[in-house]
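Undergrad: here is a sequence with its predicted model. Questions after.
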Amino acid sequence: MIGPEPLSRRQALARSLGAWLFAAASPAMASRGRTDTEAARAVLTRLFGPAARAIALSLEPSPEAGSRPWYSVESRRGRLSVRGDTPVALVRGVYASLRDAGLVHVSWEGDRVALPAHLPDLATGRVESPFQHRAYLNTCTYGYTTAWWDWPRWSREIDWMAVHGVDMPLAMEGQEHVWRALWREAGLSEDELAAYFSGPAFTPWQRMGNIEGYLAPLPAAWIAKKRDLQRQILARMRALGMSPILPAFGGYVPKAFALKNPKARIYRMRGGPGFHETYWLDPTDPLFAHLAARFLALYTQTYGAGTYYLADSFNEMTPPIAEDGSDAGGAFNDATGKTPDKTSGKAEVDPALKARRLAAYGKAIHEAFRQTRPDAVWVMQGWLFGADQGFWTPDAIAAYLSQVPDEALMILDIGNDRYPDIWRRAAAFGGKRWIYGYVHNYGGSNPVYGDLDYYRRDLAALTASPDTKALTGFGLFPEGLNNNSIVYEAAYDLAWNAGGVSRAAWLSTYARSRYGRTTPELEAALGLLVDGAYSVRYWTPRWWNNRAGAYLFFKRPTATITTFEGHPGDRAALAVAVHELARIAPGFAHQPLFVIDLVDATRHLASEDIDLALIQAVAAYRRGDLAAGDAARRRIEDLTLALDALLGVRTESLASWIDEARVYGDTPEDARAYVLNAKAQVTIWGGHANLADYASKAWQGLYRDFYLPRWTQFLDALRAAGAGPFDEAAVVARIAAWEEAWVARDTRYVREVPPDPVGSVRRLLARLDQA
């Protein structure tokens, strides 16, 4: 089944499970254990129905700090008993054991729950995680995915975290309420605050100091909703024993604050593409400690105390080294997240001065935390160490961390699928605690990719290495959710030391749990799908030739696509996999998750084909071959319209994204502003060529109504030019104006679900075979 089952059906299921009702919890369990297990039981009940209320959950915290997290599950004569050291471990144990038996599957696309009349006997033994923490989420997720989430959707996501064993999520909602209070204390007027906060779809980059006031103002109702939501989120996470990572002050201040404090050591940072400048307060300035302390105090008053606080003072910007800050680098310089080395072309920085300045910055940030919360742990993302290796040499990293006590700092080494082995360059961060992980997703874009074999090899090597020092955890840090579920299922299995099984065995279990059964043909097709699409560590086309967009078709048009090097992955294996999945689809057409996966793989193959046809059309028109160009264009339009219709199988669409934004508004004015934010984010971003389409989506509505008409305009102009001169800049300028008008236009979109998705897939594949 997909999504929550009707209560009456769940009640009927519970009655039918009398033969295998689970043992009751031990009456000897400590009262706190009973209380903590109730949060775990509530997750299981929400996901699997009332029968889960009788599961025997025994919470047995490890007596020694630093012990490996663990669980143990046993089923005998239909009675299921679970032991574990945390509520999350208990939930993970139940899910993993039932999933591996082929009985349940929980994913973003929906759930499959098929509990039998009698549960088979099983015993997992003691299952341990080699990681004390399993982390999750990215600061950007709170823009690309959760901007319009309500409590039911957040409750569902926290349940997802628990079954996947996550215990350290980033919890970034609700902070504008605190920022507003802080800046009011600092003397900003309501008009200045209105001009400062960016719109709701862009708050993560406001918080990181990349932008200021984009699509302002931020409605007060949104701030209040997110405040209330964060209180619910943190209550649920804390009840499950999770250790959420909370926000903290990293130094970015409003322009109005900078103007009011001319004597403070505040640097004017170069604005991101299409945005005005932002302002950053030097951590060694006394005002930094004051603002950091007040933020933590206000945050604690609002949401309660935490332990882990994220402060990224140098995210996507280069720290100023010159005493006057004249070398302060800008942030957000391109869509790759890579900040160019600001010292290039300037006098070489004195290494001793650089080391002193970086050490002073690290010490100042640490002390700002400790003066208010001596027990707080400063958390920072290690992305900068990979993205700007020209500045962040091993010596620079060591200097920055040198004055912070080991126990007071934790680094999220998030980018190992993009910048591998940064931890080795950083000497395992000098003994500081750190969490290893992958970003995987950028911008919430959803090409079909990941690298299952790489994750297995990589984590095996990591956990076997003697050089990891204070390695504390593993995590996935996607910028966007709701895609490539197989990647997250596989990676979090590895986080629980489930890497001992072969790829083939793991895929067999995955298929049985997700689709209800498996066959040799299905497993062979899935293996080919892994070879073709899920052996790609990083999707390089998302940032190609200085243009964002998951596919060429998703990028702002350019005639330079004829130099495209090709899509990563094995296209031949992908094509065979998709055709084989389509061939056996009638036997699985009643399984919604199979249909969704089939559609995803098909649209990835078809989107690549559209890219190839675009290259053919552009090349033909540039050489004056109108007939060949027109033929390629007909193929582009035919595939695009067929694909857009097919994508109605997915619940995520342009219509759903806009509708969620509209419903979030309490007034017509707020609703219009939210829709404008939603449309801008997935298309123009800030309007600059570098960032446009950074959050591109393979969604119904965008193929037909945005990507196709945009390329149609470009190809019309290219056709008219023939083999003669072509003013691409003028054409793109007109297209950019059309994009702005598209964002501003209040068009109502409706998701259209295809009546026969398997048949639609087969017809689309027949079109692809006609090439």
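TA: Arrived safely, thanks for sending.

Undergrad: for Ser75, what are its contacts?
TA: 81, 97, 119-123 (C-beta atoms under 8 Å, 6 or more residues apart in numbering). Bear in mind the C-beta positions are built from the backbone N, C-alpha and C, glycine included.

Undergrad: return the distance of Leu452 relative to Asn482.
TA: Look at Leu452 and Asn482: by C-beta to C-beta, to the nearest Å, they are 19 Å apart.

Undergrad: now Lys469
TA: Counting by C-beta to C-beta, the gap from Lys469 to Asn482 is 35 Å.

Undergrad: now Arg99
TA: For Arg99, the distance to Asn482 - C-beta to C-beta - is 20 Å.

Undergrad: got it, and Glu173?
TA: 17 Å.

Undergrad: more neighbours, the two?
TA: Remark: of Glu173 and Asn482, Glu173 carries more neighbours, 25 against 18, as counted by other C-beta atoms under 10 Å.

Undergrad: next one: phi and psi at that one?
TA: Phi and psi for Glu173, reported as degrees, to the nearest 10, are phi -70, psi 160.

Undergrad: state the distance from it to Pro247.
TA: 9 Å.

Undergrad: turn the contacts of Ser75 into TSV, including neighbour count, pLDDT and distance to Lys225.
TA: Compiled in TSV, the contacts of Ser75 are given as follows (neighbours: other C-beta atoms under 10 Å; pLDDT from 0 to 100; distance: C-beta to C-beta, whole Å):
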residue	neighbour count	pLDDT	distance to Lys225
Ser81	20	96	41
Ser97	23	96	38
Leu119	23	88	42
Pro120	11	89	45
Asp121	11	92	48
Leu122	14	93	44
Ala123	11	94	46
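
Undergrad: helices of the stretch 551-700 of the chain, start to end?
TA: Using DSSP state H, counting those that start in this stretch, the helices of the stretch 551-700 of the chain run over residues 571-584, 592-622, 626-646, 654-664, 668-681.

Undergrad: what segments of the stretch 101-250 of the chain are helices?
TA: 141-144, 151-163, 175-185, 190-196, 203-207, 220-239.

Undergrad: so where's the stretch 351-500 of the chain shaky on pLDDT?
TA: 498-499 (pLDDT under 70).

Undergrad: ok so, going back, Phe295: which of the contacts of Ser75 is nearest?
TA: Among those, Ser97 lies closest to Phe295 (C-beta to C-beta), at 43.0 Å.

Undergrad: could you give the secondary structure assignment for the closest one?
TA: What DSSP: H, G, I helix; E, B strand; the rest coil gives for Ser97 is helix.

Undergrad: wait, isn't it in contact with Asp121?
TA: No. In this structure Ser97 lies outside contact range of Asp121 using C-beta atoms under 8 Å: 11.2 Å.

Undergrad: so after the lowest-mean-pLDDT helix or strand in the chain, what's the next helix or strand?
TA: Lowest by mean pLDDT, DSSP states H and E among the helices and strands of the chain is helix 7-16, with a mean of 35. Per DSSP states H and E, the first helix or strand lying C-terminal to helix 7-16 is helix 31-48.

Undergrad: show me what that following helix packs onto, helices and strands only.
TA: In terms of contacts (3 or more C-beta pairs under 8 Å, 6 or more residues apart in numbering; DSSP states H and E), helix 31-48 is packed against strand 56-59, helix 87-100, strand 104-107, strand 110-113, helix 151-163, helix 220-239.
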